[in-house]
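K.L.:
Quick one: sequence plus predicted model below, questions after.
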Amino acid sequence: MTMINSTIAGKELFWFNNTLVAIRLSSAEGEDGICVVEHRMPHGDSPPLHVHRHEDEVFHVLEGQLRFLIDGHDQIAGPGEIIIAPKGLPHTYRVESQDGARTLTITRGSDFETMLRQTSRPAQQPQLPPLSEPTPQMIEALVRICAENGIDIVGPPLS
């Protein structure tokens, strides 16, 4: 069984585009608003280039290899490495490992978590969803919901 077919557990599981997301710690659970999300992503997955206006985004790579682009600078990260995308700087990543990747994404505040909840659907099983291409309507909704939650889409995903 390859890594991307492995399951993950969490109190709440969602399919966010072509990824599986487990909210491990909601921002509402603590006084500081820390959110921890486990993210399983297939090979080639890449969100659009974006900027968080109010919160840093910290990635702890658990499995696989990712190429990060942060403020125009490339960086490769693998298991055990931690990458920070400071608020206000454009960033994205691309899953480079053939078997996919798994990360913990940590933010302070509810913007990222709220966006995930509003753009995801409940996972029908604790595995990656069937791969699909986003429709123009899905892209339009993502851009709008991100903007409503302090996240601006500023460019395309990495290819």
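P.N.:
That came through, no problem.
K.L.:
hey, let's count contacts and neighbours off CA atoms from now on
P.N.:
Fine.
K.L.:
What strand or helix carries the residue minimising distance to the centre of the chain?
P.N.:
The residue lying closest to the centre of the chain (Cα atoms, centre = their mean) is His39, at 6.1 Å. Assigned by DSSP states H and E, His39 belongs to strand 34-41.
K.L.:
residue contacts, the nearest residue in space to the residue nearest to the centre of the chain that is not next to it in sequence?
P.N.:
Spatially, and ignoring its direct neighbours in sequence, His39 is nearest to Val21 (4.7 Å; Cα to Cα, 6 or more residues apart in numbering). The contact partners of Val21, by Cα atoms under 8 Å, 6 or more residues apart in numbering, come to 13-15, 37-40.
K.L.:
And the helix or strand hosting Val21, how far out from the chain middle?
P.N.:
In this structure, Val21 sits in strand 19-25 according to DSSP H and E. With Cα atoms, centre = their mean, to the nearest Å as the basis, strand 19-25 stands 9 Å off its chain's centre.
K.L.:
quick one, helices of the chain?
P.N.:
Along the chain, counting by DSSP state H, helices occupy 111-119, 136-148.
K.L.:
Mind giving me the packing neighbours of the last one?
P.N.:
Put plainly, it is helix 136-148. Applying 3 or more Cα pairs under 8 Å, 6 or more residues apart in numbering; DSSP states H and E, we find helix 136-148 packed against helix 111-119, strand 151-155.
K.L.:
ok, back up a step: could the helices of the chain be laid out in TSV, adding mean neighbour count, distance to Ala101 and mean pLDDT?
P.N.:
As requested, these are exported to TSV (neighbours: other Cα atoms under 10 Å; distance: least, Cα to Cα, whole Å; pLDDT from 0 to 100):
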stretch	mean neighbour count	distance to Ala101	mean pLDDT
helix 111-119	19	18	96
helix 136-148	15	22	96
